[in-house]
Structures are given as C-alpha cells and as structure tokens.
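[1] return atomic coordinates for the entry below.
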Amino acid sequence: MGGRFRIGGRSVLAAVGAVVCCLAIVAGAQAAGARADVLKVRLGGDRAETRIVIDLDKSATGKVAADGQSDRRVVLNLPGVSVDTELQGGGLGLVKAWVVDDNASGARLRIDLAADAVIKRRFLLPPADGVANYRYVIDLAAKEPSSVKVAQAGGPRFISAPVKTTKAALPLKKVIVIDAGHGGKDPGTKGADGNEKDVTLAAARSLKSQLEKSGRYKVVMTRDADVYVDHAVRVQIARRADADLFISLHADSGSDPSLRGASVYTLADRATARSAKFVSKDDWFMQAGTHGDKGVSTILLDLTQRMTRNRSATFAEVLLSRVSDHQPLLRRSHREAGLAVLLAPDVPAVLLEMGFLTNAADEAVLRDPSKRTRLMGSVADAIDDYFGQPTKLASN
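    Purely as a prediction, here's the structure:
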C-alpha cells in the first residue's frame, strides 16, 4: 500500500471544477479506446472520514456496485481499467481491508468497512500540482447510528435498528517482505567464489517463488536486482506494504574457517527506542491520543513494540526448527541485536544468517541451486507453521 496521508481542506467549488474537467477528459479517453492501469492505492483519514485514492496512469470512470449500506462492503467497478497483479491492503479509519482485482469488464475495488459508513463523494483528479498521474478519489464518512421510534402507552421509546448481516471477510493474503541483504556498492561478505550480495539475492528469489506458488502469500522484495537499498528504506518498504512478516537474508563470516551454521537475529529490547524514527503521526497508535492525553499514544506504541518483539521471537524459534533440517545451527542460534532492518515498530522481523561464506561446506550449500532451494523451502515451511497456528507470545 502506498504512503499514508491526511485529508486536507478542499473547497466544494474546486471539487466541482475538477469533476467537470475530468468528465471531459474521460469522454475523450474512452472515445480513443484508452485503457488505464491501476498504479497503487492509498488510504488517509480517521474513523470520522476516510479517503481512498486509486492512482491511475490514464483517466477512468467508476460505477458503484455496492454502497456498503446492507453488508458493510463497498464495491466499485472501473470499466476499461486493468491491474497487473491483485493489490490488497489492511485497513485505516473506516476501512477494514481492501482488494483490487480484475473482473469481466475491468478492475474492481472491494472494501470491507470497519463501521457503518456512506460514500460522501467520489471524483477524478487529473495530473496537477506536481502529481503526474490521475487519481480516482472516494471519500467515506461515518454514518450516524440509526434508531427506530416505537409508539407505546406512556410515550415513545427508541430501539436500535436491526444488526446488519455481513459477508465473509475479504480473502487477504499474508504480506511477506523478503530482504536480500547488501547489494550494489555494498557487496557484503566475501566468499571463496563470490560476494554475499549475490547469494542473498538468489536465495530471496527462490523463497519468493516458493511462497507465491502456494497462493497464500503476497510477496514484496526490497530489491530484485544488484542495487543498493538503504537500511531505513528497507524498513519503510515493509511498513508501506502493511507487511505481516519481514525476513532479511544474509550470509555470515568468521575468522575461523571451520566455523559454520545458521542463526537468527531479532531486535534487542535496548534498541526499541531507535524505532521511533519510523513512527508517523498517522499511525493508529499515535492518532489514539490526538483528542486526549498524549500519554495514550506512548503507551500504545510501547505495547505495539512489545507485541512485535514477541511475535518476532516466536517466528525465530519456528524458523530455527525448520532450518535445522537442512543446515547446522550455531550453538547460540537465536540472538538479539539492534540491527537497523529490524526496527519497524509494528512488523515482526527476523534476520536469518543462512550460514558462513567463510566456511567451505556452508558456502557450497548456499551456492548450489538445489540445496539452496531446499533451504528456502524450510523457510517457507516455517512461514506456513507460523501463520497456521495461534501465535505463542513470549512471557516478556
């Protein structure tokens, strides 16, 4: 999901002008038979009013197929619009979850609402003010609770309206972010037959392929080429993707060539304060204190970080159990450190040292395609195990 933003003031006159302008653009585009592509979807706002923005490379029209009044699901069809791969995301404000996929006539946006809401307005914005693409905007507003008056002796009384029925939740896939360590100007550890950055990228591609083949996961790569990506950017990629899990792949080094084995790192408690730089004022735990005691936000952030650390530790133990089937483990295989890529306050994260490039046996495993595939298969199995059972939280 794209970067989050706040809904700013916007005059009715400006909105009407934009809509009139866009209608003319849409008519011309449709006449020319142009087909738009969905670039990304962004959310902004709160539980009072939430904005959904669909970024498009060309103009398009939308048709509401379901307005959420009966089952808390909004469906918007975008005829003539395509989406290369299914897009999805978790909620914000009035949105519980969303999915963009293809249907018979074009793209389809489905939104599960977190509360009763109405479509307040929707309009298309053309490229302007430094934005190069079109934006289809949907504004949702919270609906006031309705009540029904019932006549009776002694005066009227009010009863709540009947509870709405809801459809089955949207089938969101778990989002896994795979981080191939190093890259570009940063080669990482030097092995007998090459650099760490090449081994981590090959392993990341293998893991991505196996996870996508299962059909249960949406995979995001921090890099899929020999390029350098800053550590902070890798964390931001995971947060923007609303990741359910972040896995950074690395290969170890040591002065003793006989030293071998895999290990897993999770974030040390002493490093949690550094994750504050990744916290946005639009994060739910920061907005919680907007209209009251600011201490509420601090408490919720602390609880979020603790929950994230516990989940990271739980996955680390599952991962080590699976990896040990194909690779020996270091004596102290679960370690804690203040590694920069583990700093997201709300994304469970681990760094897997797959073995030592300075050890001939480990390097042979990591460079052999079939052995590397089996090793990444064990990582995929660990992910299945982790999401296939209730998360066991550490006592701390």
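
[2] can you confirm residue 124 is in a strand?
    Yes - the assignment for residue 124, made by DSSP: H, G, I helix; E, B strand; the rest coil, places it in a strand.

[3] remind me what whichever strand or helix holds residue 307 packs against, helices and strands.
    For residue 307, the host element (DSSP states H and E) is helix 295-323. Secondary-structure packing of helix 295-323 (3 or more Cβ pairs under 8 Å, 6 or more residues apart in numbering; DSSP states H and E): strand 262-267, helix 284-287, strand 329-337, strand 349-356, helix 369-388. Heads up, the C-betas are built off the backbone N, CA and C, glycines and all.

[4] and the next element down the chain from the helix or strand of the chain with the lowest mean pLDDT?
    Counting by mean pLDDT, DSSP states H and E, the chain has its least confident helix or strand at helix 12-31, which shows a mean of 41. Going down the chain from helix 12-31, the next helix or strand is strand 36-45, by DSSP H and E.

[5] elements contacting that next one?
    strand 49-56, strand 81-82, strand 87-92, strand 95-102.

[6] can you pull out the helices in the stretch 51-200 of the chain?
    196-214 (DSSP state H, counting those that start in this stretch).

[7] what about the protein, any weak spots by pLDDT?
    Low-confidence segments of the chain, defined by pLDDT under 70: 1-34, 145-166, 280-297, 390-396.

[8] assign a three-state SS to the spatially most central residue of it, would you?
    The centroid of the chain falls nearest to residue 242 when counting by Cα atoms, centre = their mean (2.0 Å). Using three-state DSSP, the structure places residue 242 in coil.

[9] so the nearest residue to it once chain neighbours are set aside bridges to which residues?
    Nearest non-adjacent residue to residue 242, counting by Cβ to Cβ, 6 or more residues apart in numbering: residue 90, 4.5 Å away. Under the criterion DSSP bridges, residue 90 forms beta bridges with residue 97.

[10] closest one to residue 376 among the helices and strands packed on strand 36-45?
    Each of those was scored for nearness to residue 376 using Cβ to Cβ, and the closest is strand 87-92 (23.8 Å).

[11] okay, the angle between that closest one and strand 95-102?
    Angle, strand 87-92 to strand 95-102, by axes from the mean of the first three to the mean of the last three Cα atoms, to 10 degrees: 170 degrees.

[12] now do strand 87-92: distance to the chain's middle.
    Distance of strand 87-92 from its chain centroid, counting by Cα atoms, centre = their mean, to the nearest Å, is 7 Å.

[13] report all helices and strands that that strand contacts.
    strand 36-45, strand 95-102.

[14] quick one: closest of those strands to residue 355.
    strand 36-45 (36.8 Å).

[15] how about that closest one: buried residues?
    Within strand 36-45, the residues scored as buried using 16 or more other Cβ atoms under 10 Å are 36, 38, 39, 40, 41, 42, 43, 44, 45.

[16] and the third one, how far from residue 54?
    If you measure residue 39 against residue 54 using Cβ to Cβ, to the nearest Å, the figure is 8 Å.

[17] what's around residue 316, how many residues?
    25 (other Cβ atoms under 10 Å).

[18] how about it: what's its closest non-neighbour residue?
    Spatial nearest neighbour of residue 316, excluding adjacent residues (Cβ to Cβ, 6+ apart): residue 264 at 4.5 Å.

[19] list the contacts of that neighbour.
    316, 319, 320, 323, 333, 334, 335, 350, 351, 352, 353 (Cβ atoms under 8 Å, 6 or more residues apart in numbering).

[20] my read is that the third one contacts residue 334, right?
    Yes - between residue 320 and residue 334 a contact is recorded at 6.3 Å, counting by Cβ atoms under 8 Å.
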